[in-house]
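*Asks:* Using only what follows, build the 3D model:
(one chain, ligands or ions: 1)
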Amino acid sequence: MIRIYGNPLSPPANKVRYVANQLNIPHEFHNVNLREGEQRQPEFLKINPLGKIPALRDGGYSLGESNAIIRYLADKAGSPIYPRDLQQRGQVDQWIDFATQHIATATSKVMFNTHFYKFSDATIDERSLKDGRDWLAKYLPMVEQQLSTHAYLTGDTLTLADIVMLSALDVCEVTNIDLTPYTALTKWRKNLMQQKWYRTCHTDYASTFNTIMTARA
Ligand SMILES: N[C@@H](CCC(=O)N[C@@H](CS)C(=O)NCC(=O)O)C(=O)O
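*Replies:* Here you go, the predicted model:
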């Protein structure tokens, strides 16, 4: 059976779980203990020599990098959420890259400098925090514009691009990133967060985050 290595607090790892659920791919989840440095242990480095989650094991095959993993899973399942048509696939890849480079990079800067810095000996990097918030102010209107005229990022149907964008935005509640000005985006997000493939992973990221942080306190 396919095994997904992740952690409930990791947006890229949750992205892989959403996709596996959406594709109805049977899989087992291995929770990698990042605080204990499990990702740097020889056993895990055999799965992903880059020492990062998520990672995937499919029989004797291993793969890292969330976007590579979700493309692998969608193609393996032959799913239309990653279209075969060259031009449709190009659109999906365009939005996967935009969501990753501009939105996920920004939300992870904000998340790191709001919460995750406490898990290491790092201190708050105010410049990085500001960059993250500035990038979101610049790029979220572009997402809003697209979702004002399309039900999903690339048209009328769900694709991998929507799930990549959704996972990038999961941390908004715990970082006070205000999405309410973006009404089309908020409606799109609310709908996706009610889907079974999302709910099988968790109710929402904020609940998972708060449960884990309370247990640690
Ligand atoms: N570009 C990678 C990012 C992976 C990543 O940064 N994972 C973090 C958790 S969100 C991690 O494994 N951190 C542990 C470490 O760096 O030691 C992907 O999309 O898979």
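
*Asks:* The ligand contacts on this protein?
*Replies:* Proximity of the chain to the ligand (CB under 6 Å from any ligand atom) is limited to residues 10, 12, 34, 39, 51, 52, 53, 54, 65, 66. All C-beta spots, glycine's among them, are computed from the backbone N, C-alpha and C.

*Asks:* what's near enough to touch the closest residue in space to the second one that isn't next to it in sequence?
*Replies:* Spelled out, it's residue 12. Spatial nearest neighbour of residue 12, chain neighbours left out: residue 66 (3.8 Å); criterion: CB to CB, 6 or more residues apart in numbering. Residue 66 sits next to 12, 13, 15, 16, 54 when contact means CB atoms under 8 Å, 6 or more residues apart in numbering.

*Asks:* Kindly recompute the last result at 7 Å.
*Replies:* Counting by CB atoms under 7 Å, 6 or more residues apart in numbering, residue 66 makes contact with 12, 15, 16, 54.

*Asks:* and if you look at residue 91?
*Replies:* Counting by CB under 7 Å, 6+ apart, residue 91 makes contact with residue 154.

*Asks:* State the three-state secondary structure for it.
*Replies:* At residue 91 the chain is in helix, as set by DSSP: H, G, I helix; E, B strand; the rest coil.

*Asks:* before we move on, the earlier item: can I get the contacts of residue 66 in a markdown table including distance to residue 124?
*Replies:* Shown next, in a markdown table, are those (distance: CB to CB, whole Å):
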| residue | distance to residue 124 |
| --- | --- |
| 12 | 22 |
| 15 | 26 |
| 16 | 29 |
| 54 | 26 |
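
*Asks:* Let me know the closest of those to the ligand.
*Replies:* Closest approach to the ligand among these (CB to the nearest ligand atom): residue 12, at 3.7 Å.

*Asks:* per the record, what domains does this structure have?
*Replies:* 2-77, 86-214 (automatic domain parsing).

*Asks:* Now the terminal residues of the last one, how far apart.
*Replies:* With CA to CA, to the nearest Å as the measure, domain 86-214 spans 47 Å from end to end.

*Asks:* For this protein, name the helix or strand with the lowest mean pLDDT.
*Replies:* Within the chain, no helix or strand scores below helix 205-216, which has a mean of 94 by mean pLDDT, DSSP states H and E.

*Asks:* starting at the chain centroid, how far to it?
*Replies:* 17 Å (CA atoms, centre = their mean, to the nearest Å).
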